[in-house]
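# Sequence and predicted structure are below.
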Protein chains: 2
Amino acid sequence: MPARGDHDARRRDVSEAVWQVLAERGFTGLTLRAVAAEMGATTGLLTHYFPSKKALVAYALDIADERTAGRALRRPGGGGLGDLRGALLDVLPLTPEATAMNRVWVGSWDGSLADPGLYARETRRYENWRSRLRPHVTTAVERGELPSGTDVDAVVATAAAFTHGLVLQALFDPERFPPERQTELLDGFLRTLQ
Amino acid sequence: MPARGDHDARRRDVSEAVWQVLAERGFTGLTLRAVAAEMGATTGLLTHYFPSKKALVAYALDIADERTAGRALRRPGGGGLGDLRGALLDVLPLTPEATAMNRVWVGSWDGSLADPGLYARETRRYENWRSRLRPHVTTAVERGELPSGTDVDAVVATAAAFTHGLVLQALFDPERFPPERQTELLDGFLRTLQ
């Protein structure tokens, strides 16, 4: 029986291999064979972890959630528009890591739209994201950084929409939407809210 | 040898079956077996049309392009902001048909991010979409519907971003984003540009 340390190390290897396959080939390319090749293991070993494609996809989404929750975040502090800006910059593909993460999430949507359990999970994930943006918008209105009478929920949904739509354009056209252009567009968008 | 009419009818059946499978199960669920079952044919018949999964996916994207190009469009006329609004409403999932179309496009991104040819096609598709929006924004500035000095390319990219991001939220949360809410958010967004 392998020592506990070996078990954890193997688990980290599997996670890393799944992530590499996802970032390069997406869910379309996520197979036991591809993960096994990535870690130099046999497909047989992998079937021990993942009895089905569905189990592999669920695990891949767990890893994506973990990496998203565990990533380094900007902490502008002070609340309001500055924090909203920071939270949206945290999502944009401004670094290779953030690009890989977005590529994985975008790739997950096809499967999530087809599976009721994954769909419900993505619906919650979106609402959780909006819930994290909401206090920044509320504070911005209270401070007069945004006009009084601003519809907070509308601004939150609009900001989330703008950001994810910019993610897509940047993923498919990184030359036209390099990091500085994305930041410029975000700042322009935030100015229109004021 | 079947008459020409039979051939065309069969082709329409195949297209319709591919579209139905895509709209319900996405690219993840797009298999020869699923398409055959949808049209009550044998998988063998389908292999005649599609020698590989890649050929089936390419055909599916052709159908999506055809249906997108062939759909009924709003023609507000007159140019400017009204036409921009109409063009963005044309994209939003406000009807079951538009919802199915968006579901298919969103589902296509995983595969397009993994295949250089499909990726280049999607990059062009995005730029073509922005090119169709651009004249409306230019006219809106010329007429004073948008402030002089407006950065036309920035507004175009921002409007495209907002719209696709709203598509995503509506696909994953149709109860929170019914057609009237989507329209309200679009109108709110357009007001912030003015």
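Everything's here; your move.

# from here on, contacts and neighbour counts on C-alpha atoms
OK.

# List, one by one, the residues from chain A near chain B.
Listed as neighbours of chain B in chain A under the rule C-alpha under 8 Å from any C-alpha of the partner chain: A:24-29, A:103, A:106-111, A:113-114, A:119, A:122-123, A:126, A:154, A:157-166, A:168-169, A:172-173, A:185, A:189, A:192-193.

# Pull out the buried residues from those residues.
When the residues of chain A next to chain B are checked for burial by 16 or more other C-alpha atoms under 10 Å in any protein chain shown, the buried set is A:24-29, A:103, A:106-111, A:113-114, A:119, A:122-123, A:126, A:154, A:157-166, A:168-169, A:172-173, A:185, A:189, A:193.

# from the residues you listed, which ones fall inside helices?
Residues of those located in helices (DSSP state H): A:24-25, A:103, A:106-111, A:113-114, A:119, A:122-123, A:126, A:154, A:157-166, A:168-169, A:172, A:185, A:189, A:193.

# ok now do A:Ala161, which residues does it touch?
B:161-166, B:168-169 (C-alpha atoms under 8 Å, 6 or more residues apart in numbering or on different chains).

# how about 10 Å then?
A:155, A:167, B:158-170 (C-alpha atoms under 10 Å, 6 or more residues apart in numbering or on different chains).

# The helix or strand harbouring A:Asp187 - contacts with which helices or strands?
Using DSSP states H and E, A:Asp187 sits within helix A:179-193. If you count contacts as 3 or more C-alpha pairs under 10 Å, 6 or more residues apart in numbering or on different chains; DSSP states H and E, helix A:179-193 packs onto helix A:81-89, helix A:152-172, helix B:152-172, helix B:179-193.

# could you dump those helices to CSV with distance to B:His7 and mean pLDDT?
Output for those, formatted as CSV (distance: least, C-alpha to C-alpha, whole Å; pLDDT from 0 to 100):
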stretch, distance to B:His7, mean pLDDT
helix A:81-89, 52, 97
helix A:152-172, 37, 98
helix B:152-172, 36, 98
helix B:179-193, 39, 97
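
# Okay, the residue lying closest to A:Arg25 once chain neighbours are set aside and A:Ala160: tell me how far apart.
Distance criterion C-alpha to C-alpha, 6 or more residues apart in numbering or on different chains; nearest residue to A:Arg25, sequence neighbours excluded, is B:Ala114 at 4.9 Å. For B:Ala114, the distance to A:Ala160 equals 25 Å [C-alpha to C-alpha, to the nearest Å].

# okay, now A:Thr31: neighbour count?
Applying other C-alpha atoms under 10 Å in any protein chain shown, we find 20 residues neighbouring A:Thr31.

# what are the phi and psi values for it?
Here is the backbone geometry of A:Thr31 (degrees, to the nearest 10): phi -130, psi 160.

# burial count for the residue nearest to it when sequence neighbours are not counted?
Distances taken as C-alpha to C-alpha, 6+ apart place A:Lys53 nearest to A:Thr31, at 7.2 Å, with adjacent residues excluded. Residue neighbour count, defined by other C-alpha under 10 Å, stands at 13 for A:Lys53.

# I'd say A:Arg103 and A:His164 touch.
No. Using C-alpha atoms under 10 Å as the test, A:Arg103 is too far from A:His164 to be in contact (11.5 Å).

# Great, nothing more from me.
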